[in-house]
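Peer 1: Dropping the sequence and predicted coords here.
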Amino acid sequence: MVKLVDAGINAWFMDAVEGDQRAPHKMEPNQAVSVKELAALGVDAWQLSGTDDDAELLDIRKAQNYNYSDVVTCCQSFR
């Protein structure tokens with residue numbers, strides 16, 4: 001099982017502007033957050049096959065003691 005060092009994850013600190021919660025809310029200038037910084041905050045990320053029976057996913061669920069799951073379908077154009 002390989003944790004990501006960097007796989008195109010795009011994260012940033014949010015601005016304090018109220019409004020549409022769906023908006024990016026990036027600060028000006030943008031203050032990006034690295035995968036390493038996310039990991040220090042307790043955020044884990046893996047690149048998996050995307051299938052429900054992925055052996056790595058099952059291993060992660062077991063190791064993290066997860067007893068639930070969600071399925072998120074993303075548009076191919078965002079890859």
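Peer 2: Ah, there it is.

Peer 1: pretty sure D15 is touching E28, no?
Peer 2: Yes: using CB atoms under 8 Å, D15 is in contact with E28, at 7.5 Å. (Each C-beta comes from the backbone N, C-alpha and C, glycine too.)

Peer 1: higher neighbour count, these two?
Peer 2: Taking neighbours as other CB atoms under 10 Å, D15 and E28 compare with D15 leading, 15 against 7.

Peer 1: pLDDT at that one, what is it?
Peer 2: Looking at D15, its pLDDT reads 92.

Peer 1: Please apply the same query to A11.
Peer 2: For A11, pLDDT reads 87.

Peer 1: Go ahead and confirm it touches Q31.
Peer 2: No: if you go by CB under 8 Å, A11 and Q31 don't touch, sitting 10.0 Å apart.

Peer 1: Could you tell me how far the lowest-mean-pLDDT helix or strand in the chain lies from the centre of the chain?
Peer 2: Ranked by mean pLDDT, DSSP states H and E, the weakest helix or strand in the chain is helix 35-40, scoring a mean of 86. Computed by CA atoms, centre = their mean, to the nearest Å, the separation of helix 35-40 from the middle of its chain amounts to 11 Å.

Peer 1: which parts of the helix or strand that that helix is followed by are buried?
Peer 2: From helix 35-40 onward toward the C-terminus, using DSSP states H and E, the following helix or strand is helix 55-63. Across helix 55-63, burial judged by 16 or more other CB atoms under 10 Å covers 57, 60.

Peer 1: quick one: average confidence on helix 55-63?
Peer 2: pLDDT averaged over helix 55-63 gives 89.
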